[in-house]
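Undergrad: no sequence on hand, only this structure:
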Ligand SMILES: [Zn+2]
């Protein structure tokens, strides 16, 4: 803890136990720590393989999560999950840029996703002659139902 002696302006650090004794004895007073009031919010983006069902490998996903909000993930059968994902923070999340406006997918995540997608689709093409059509994308935003063995523990932020 931070202390200064009575009658002095010099601030010094001492272990908690020592500091408490010095304060209790009246020799020193505690100096309040300057703690940043702003809550730390972490935004996580990553690219992950889709779940596997028997022989079928689902397409890769973009996963997003704010430490204060619910996670979201998005896959696409035509490789455009980076255009489809809409990550919105919960109301009053300190990280929300503008309430209701979705986060922009970081460029390195887009690149990583496209790389993974290219690898995925070239693997798939070796197995099947049916190429994915660009006409329609039937993928839906992740509700969690199609994702196996996926678990996220939401920990309330401190502060
Ligand atoms: Zn958030």
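TA: That came through fine. The structure presented is a predicted model; accordingly, all values stated were derived computationally and were not measured.
Undergrad: who touches the nearest residue to residue 49 once chain neighbours are set aside in this structure?
TA: Closest residue to residue 49 apart from its sequence neighbours, by C-beta to C-beta, 6 or more residues apart in numbering: residue 60 at 5.8 Å. Quick note: C-beta positions are derived from backbone N, CA and C, even for glycine. Counting by C-beta atoms under 8 Å, 6 or more residues apart in numbering, residue 60 touches 47, 48, 49, 50, 75, 81, 113, 116, 117, 120.
Undergrad: what's the local residue count around the first one?
TA: Residue 47 sits with 21 neighbouring residues when counted by other C-beta atoms under 10 Å.
Undergrad: now it: phi and psi?
TA: phi -110, psi 130 (degrees, to the nearest 10).
Undergrad: so residue 111, which of the three states?
TA: Here residue 111 is recorded as helix under DSSP: H, G, I helix; E, B strand; the rest coil.
Undergrad: what separation do you get for it and residue 95?
TA: Counting by C-beta to C-beta, to the nearest Å, the separation of residue 111 from residue 95 is 23 Å.
Undergrad: more crowded one of the two?
TA: A count of neighbours by other C-beta under 10 Å puts residue 95 above the other of residue 111 and residue 95, at 16 against 12.
Undergrad: who in the protein is up against the ion?
TA: When proximity is defined as C-beta under 5 Å from the ion, the chain approaches the ion at 66, 68, 69, 89, 93, 95.
Undergrad: so where's this structure uncertain?
TA: Scanning the chain for pLDDT under 70 picks out the ranges 33-39, 97, 99, 127-159.
Undergrad: could you break it into its assigned domains?
TA: Domain assignment for the chain, taken from automatic domain parsing, gives 1-35, 43-127.
Undergrad: and those domains, which is most packed in?
TA: Mean neighbour count (mean count of other C-beta atoms under 10 Å) peaks for domain 43-127 among these, with a mean of 16.
Undergrad: backbone dihedrals for residue 6, please?
TA: Torsion angles, degrees, to the nearest 10, at residue 6: phi -60, psi 130.
Undergrad: can you put the contacts of residue 60 in CSV and add secondary structure?
TA: Formatted as CSV, the contacts of residue 60 follow (three-state DSSP):
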residue, secondary structure
47, strand
48, strand
49, coil
50, coil
75, strand
81, helix
113, helix
116, helix
117, helix
120, helix
